[in-house]
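J.: coords please:
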Amino acid sequence: MAAAQRMAAANKVGDPVCSLSAVGQPNPGLVPQGLHIAIGHYGNYWCLIW
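T.: As a prediction, the model looks like this:
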C-alpha cells in the first residue's frame with residue numbers, strides 16, 4: 001500500500017518495489033498465474049509484487 005501511496009502522491013505510475021504498477025482498473029490478464037502476489041492499492045493506483 002505504501003508504494004501505491006507514493007505513486008498517488010507523485011501522480012506517476014511506477015515504484016521500484018512493484019513488479020507491476022497500474023493506474024485505473026488493472027487488467028487481470030497481465031498478472032502471471034501460479035505466483036504468490038501481494039496487492040497494494042491507494043485511490044486508483046495499484047502495486048503488485050511477486
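J.: and residue 5, helix, strand or coil?
T.: Three-state assignment for residue 5 (DSSP: H, G, I helix; E, B strand; the rest coil): helix.
J.: can you tell me the average pLDDT over stretch 11-27?
T.: Mean pLDDT, stretch 11-27: 93.
J.: what separates that stretch from the chain centre, distance-wise?
T.: 4 Å (C-alpha atoms, centre = their mean, to the nearest Å).
J.: if we look at that stretch, which residues are touching it?
T.: By C-beta atoms under 8 Å, 6 or more residues apart in numbering, the residues outside stretch 11-27 that reach it are 3-4, 6-7, 30-31, 44-50. Where C-beta positions appear, they are placed from N, C-alpha and C, glycine not excepted.
J.: So for it, what gets flagged as buried?
T.: By 16 or more other C-beta atoms under 10 Å, the buried positions in stretch 11-27 come out as 13, 15, 18, 20, 21, 22, 23, 26.
J.: quick one: which helix or strand includes the fifth one?
T.: Just to be clear, that refers to residue 21. Using DSSP states H and E, the element containing residue 21 is strand 20-23.
J.: So in that sheet, which strands flank that strand, and in what orientation?
T.: According to DSSP bridges, strand 20-23 forms sheet pairs with strand 45-49 (antiparallel).
J.: Just the CA trace of the strand it pairs with, in PDB.
T.: Provided in PDB are the C-alpha atoms of strand 45-49 (Å, rounded to 0.1, in the frame of the first residue of the first chain):
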ATOM      1  CA  TYR A  45      -3.100   3.300  -8.100                       C
ATOM      2  CA  TRP A  46      -2.100  -0.300  -7.800                       C
ATOM      3  CA  CYS A  47       1.100  -2.100  -7.000                       C
ATOM      4  CA  LEU A  48       1.600  -5.900  -7.400                       C
ATOM      5  CA  ILE A  49       4.600  -7.700  -6.000                       C
END
